[in-house]
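1. sequence-free structure coming up:
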């Protein structure tokens, strides 16, 4: 049995032993909804800034807090979610650090930087739509690609494909 199969079995065992009723971070639907929510909340921070409800400093702080909150979930630190073995500093954090998200040095953890990077990208897309540089359809297409990439990374799919390609080479 290879590492990927072992990790999948670990995840299934953790899910089977887990508390009923908790959303499982190995579920594509759960992870997809969390990523959708994160991106929507990120864009709402921009809306608050654009309407003058908050200033630039408060907007930046809100995005950082949001990024940390979602990083905590995906690192298995939230009791509201059933984590799989992938959701740990040893696995997910190590993988995301290797991806070298922008401004990594400004964050305590690579997972925080990963979410902040994607939240900022979602905000930039919304701002470009506000300036009529992109159509609503183009923004939705970009957000969908971003969301799909995040889901693949946060579920460990991207890592598993990398390992398989390395082993095949």
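-> It's in. Predicted model only: the values in this text are computed from it and were never measured.

2. list the helices and strands the helix or strand hosting residue 94 packs on?
-> Assigned by DSSP states H and E, residue 94 belongs to helix 94-99. Helix 94-99 makes packing contacts with helix 110-130, helix 136-155 when contacts are defined by 3 or more Cβ pairs under 8 Å, 6 or more residues apart in numbering; DSSP states H and E. In this view, the C-beta of every residue, glycine as well, is placed from N, C-alpha and C.

3. contacting residues around the longest one?
-> Contacts to helix 110-130, defined as Cβ atoms under 8 Å, 6 or more residues apart in numbering, come from residues 38-39, 42-43, 45-47, 50, 63-64, 66-68, 70-71, 74-75, 92-93, 96-97, 99, 101-104, 106-107, 134-136, 138-139, 142-143, 146, 150, 153.

4. Need the contact partners of the helix holding residue 94.
-> Under Cβ under 8 Å, 6+ apart, the answer for helix 94-99 is 104, 110-111, 113-114, 153, 156, 159.

5. Pull out the buried members of these.
-> Buried by 16 or more other Cβ atoms under 10 Å: 104, 110-111, 113-114, 153, 156, 159, out of those.

6. Mind putting those into JSON lines with pLDDT?
-> Converted to JSON lines, the buried ones among the contacts of helix 94-99 look like this (pLDDT from 0 to 100):
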{"residue": "104", "pLDDT": "78"}
{"residue": "110", "pLDDT": "92"}
{"residue": "111", "pLDDT": "94"}
{"residue": "113", "pLDDT": "93"}
{"residue": "114", "pLDDT": "95"}
{"residue": "153", "pLDDT": "94"}
{"residue": "156", "pLDDT": "91"}
{"residue": "159", "pLDDT": "79"}
